[in-house]
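1. could you look at this predicted model? Sequence included:
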Amino acid sequence: MCGIMGYVGPGDAAPVVVDGLRRLEYRGYDSAGIAVLSDGAIKVAKAAGKLARLEELLEIAPVSGSVGIGHTRWATHGPPNDLNAHPHTDPSGRFVVVHNGIIENFHELRTELTAAGQTFTSDTDTEILVHLVALEYDGDLADAVRKAVARARGAYALVVMTAEEPDKIVAVRKTSPMVIGIGENETFLASDIPAVLHRTRRFKLIEDGEMVIITQAGAVIETIDGDPVDRDELVVDWDPGQAERGGYDHFMLKEIHEQPNAISETLQGRLETDGDVVLDGVDLTDEFVDNLPAVWLTACGTAYHAALVGKRLLERTLAVPVMIEYAHELRYSDPRILPGSLMIAVSQSGETADTLAAARLAKQKGARLMAITNVVGSSLAREADDVLYTRAGPEIAVASTKAYLTQLIALHLLALHLGQRRGTVDLELAIQLESNLAELPTAAQRVLEMEEQVIESAQTLADNFDNGVDDVYFIGRDLDYAVATEGSLKLKEISYLHSEAMPAGELKHGTLALITEGMPVIVVLTQTHVYEKTLSALQEVKARGAHVTAVVYEDDELIAEFADVVLRIPRVADLIAPVLAIIPLQLLAYHSARILGHDIDQPRNLAKSVTVE
Ligand code: F6R
């Protein structure tokens, strides 16, 4: 995820901006650059690679000025090289921009501008924006930016400077986050509060669809249509540890709350308005897609649980057999992988030794290897024929949350993309799924707001533990079972409670013997076609005195009769439900571990990346 910095003040902007970029490094990037206004001219320094390379350049050819912008880029349009690094200037060199996000009608605009005689020096969608701003400029930068963004579709945090008005920076926000920092006689812009928290504690948040004009005297916020906005200041009193965690007590909680934004990032530029799904990095021929004999999925741990959801999605949308195997099992088995199959290896880190070994085995057997991973340039990404990046941003907590959720989104996009190409996805379903996917960031945000009921359930688990009961059972059927497996793993890894997930139909084949008075049972109940079946299993555990927590749709009227605690999620297509249903279970794990007083971000015996067998 790209990072943005901006500064207007009495001091030299260059070191302030570079320092801010360094504090945004955690977002991940592959090139960096700054631009400053100096003696009525714009000076740019930028380089592929880490900030150290930019600093080397600045040492050889220093730039300075009292207004500056900067950017760390995570490549989307075009490779990570010096030319594609931000900032980008217009041909006159009098306008300069940095941008976070994706301009969806990039090709259309570029073709139009090229036909009108404009020339471009990079492959980026961002360069289009600076051309548009320069072309629209008629003495008022804010007005030119307004007209330029009116022509662009997509998501952006856009920051613009011009040598014509050397006392200000103009920025607009649509989807991609940005904040204003207010100092003494100086004003900052940044993607995130921690970038400037050591310089000021006074902030104003920029909302979607707003424009801000910053000068040394402060910030003026307007709607994109030019109406004034009155925004209260936010005084942030985080200590340094909290600042690093964005104000949250733990990285895990921060990452759970980052999920709505992470979903937007994963979707960005991939869902076209005409219903197509465009997957950068996936390069399958029609012949391969049409003749697929089978799809395989392999992974470990949480990534395996995402793959379990993927199996069901791909089965329904591709009408081919879809096999799934733990990577550590697959690598030592003799799998019948047919040449021409697609092997999808799912791995947050892209470095898990077992997943890499299983992926290599599949390639040896003639499968095409696709990686679903979060880490650009990871070993898995390098070895794969196709890569679908999840764009969750760095995940620090050992217990994976946002990486899992974005793996689900990536699998949805893939299922829709391949299903449409094969002609096997029902059009009505495709339209429903696409509109549900687009609404997921808002729906996920709503789920995050129900922490109170989750805490009630977590308290029961903690009280049980104090009374000597440290078992929990998770049940569900079909996709609800897949969600239950991940809910159970989350709980056990950080709360250290013994937890088991099983298909609801499996209970009476043995485990029911362990259900006694007060035993916690968590049930996921979103799949309409098996709802009643799961309800029967629920009645069986309830009859034996279990304490039931149920995850259901918000309009479920039946459940109150069977459950002690009800966690409700917005209604979506059943295939999409896992994305929302896992969120209360992540929170349940988090709050149980918190109440029990465990080390949430670094659970005992576990490592973030398992690079040995
Ligand atoms: C649990 C967790 C692990 C990982 C597993 C695979 O919260 O994070 O179960 O999912 O070790 O790691 P990756 O996805 O990096 O291959």
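-> That came through fine.

2. I'd guessed Ala142 sits against Ile214; true?
-> No: with contacts counted by Cβ atoms under 8 Å, Ala142 stays clear of Ile214, the gap being 11.1 Å. For every residue, glycine as well, the C-beta is placed using N, CA and C.

3. out of these two, which sits in the busier spot?
-> The neighbour comparison of Ala142 against Ile214 (other Cβ atoms under 10 Å) goes to Ile214, with 27 against 19.

4. excluding chain neighbours, what is closest to whichever residue of the stretch 501-613 of the chain sits closest to the ligand?
-> Per Cβ to the nearest ligand atom, Val610 is where the stretch 501-613 of the chain lies closest to the ligand, at 4.8 Å. With sequence-adjacent residues excluded and distances taken as Cβ to Cβ, 6 or more residues apart in numbering, Val610 is closest to Thr352, at 5.3 Å.

5. likewise for Arg110?
-> Ile128 (5.7 Å).

6. and if you look at Arg594?
-> Closest to Arg594 by Cβ to Cβ, 6+ apart is Ile600, at 6.5 Å.

7. how about the helices in the stretch 201-350 of the chain?
-> Remark: helices assigned in the stretch 201-350 of the chain by DSSP state H, counting those that start in this stretch are 240-244, 251-257, 259-267, 286-290, 301-318, 327-330.

8. select, out of those, the one closest to Leu388.
-> Nearest to Leu388, of all these, is helix 259-267, at 9.2 Å by Cβ to Cβ.

9. ok, Ala482 touching Thr302?
-> No: assessed by Cβ under 8 Å, Ala482 is found out of contact with Thr302, at 11.6 Å.

10. between these two, point out the one with more neighbours.
-> For Ala482 versus Thr302, neighbours defined as other Cβ under 10 Å are more numerous around Ala482 (28 against 22).

11. buried set for the helix or strand of the chain with the lowest mean pLDDT?
-> Ranked by mean pLDDT, DSSP states H and E, the weakest helix or strand in the chain is helix 240-244, scoring a mean of 75. Neighbour counts over helix 240-244 (16 or more other Cβ atoms under 10 Å) mark 242-244 as buried.

12. what's the closest of those to the ligand?
-> Closest to the ligand, out of all of those and judged by Cβ to the nearest ligand atom, is Glu244, at 20.4 Å.

13. what about the residue of the stretch 51-200 of the chain at minimum distance from the ligand, how many neighbours?
-> Across the stretch 51-200 of the chain, no residue is closer to the ligand than Trp74, which sits at 18.7 Å (Cβ to the nearest ligand atom). Residues lying near Trp74 (other Cβ under 10 Å) number 19.

14. repeat for His77
-> His77 has 19 neighbours, counted by other Cβ under 10 Å.

15. got the phi and psi for it?
-> phi -100, psi 110 (degrees, to the nearest 10).

16. so who does the residue nearest to Ser347 when sequence neighbours are not counted touch?
-> Of all residues not flanking Ser347 in the chain, Thr355 sits nearest, at 4.7 Å (Cβ to Cβ, 6+ apart). By Cβ atoms under 8 Å, 6 or more residues apart in numbering, the residues touching Thr355 are 298-300, 303, 327, 345-347, 380.

17. those also near the ligand: which ones?
-> Among those, proximity to the ligand is found for 300, 303, 347 (Cβ under 6 Å from any ligand atom).

18. let's have the residues you listed in JSON lines, adding distance to Ala171, pLDDT and neighbour count.
-> JSON lines is the format used below for those (distance: Cβ to Cβ, whole Å; pLDDT from 0 to 100; neighbours: other Cβ atoms under 10 Å):
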{"residue": "Cys300", "distance to Ala171": "42", "pLDDT": "97", "neighbour count": "20"}
{"residue": "Ala303", "distance to Ala171": "37", "pLDDT": "98", "neighbour count": "28"}
{"residue": "Ser347", "distance to Ala171": "36", "pLDDT": "97", "neighbour count": "35"}
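
19. go through those and name the one nearest Leu54.
-> Ranked by distance to Leu54 (Cβ to Cβ), those are led by Ser347 at 30.4 Å.

20. for the closest one, give its distance to Thr390.
-> As judged by Cβ to Cβ, to the nearest Å, Ser347 and Thr390 stand 10 Å apart.

21. identify the contacts common to these two.
-> Joint contacts of Ser347 and Thr390 (Cβ under 8 Å, 6+ apart) are 372-373.

22. list the contacts of the residue of the stretch 51-200 of the chain closest to the ligand.
-> So Trp74 contacts 1-2, 27-30, 376, 391 (Cβ under 8 Å, 6+ apart).

23. looking at the residues you listed, which one is closest to the ligand?
-> Set against the ligand, the nearest of those by Cβ to the nearest ligand atom is Val376 (13.9 Å).

24. just give the nearest non-adjacent residue to the closest one, would you?
-> Closest to Val376 by Cβ to Cβ, 6+ apart is Tyr389, at 6.3 Å.

25. rewinding a little: hang on, the residue nearest to Arg594 in a strand?
-> No: applying DSSP: H, G, I helix; E, B strand; the rest coil, one finds Ile600 to be coil, outside a strand.

26. so for the closest residue to the ligand within the chain, what's the nearest residue that isn't a sequence neighbour?
-> Distances between the chain and the ligand by Cβ to the nearest ligand atom are smallest at Gly301, namely 1.9 Å. Closest residue in space to Gly301, ignoring its immediate chain neighbours: Leu489 at 6.8 Å, by Cβ to Cβ, 6+ apart.
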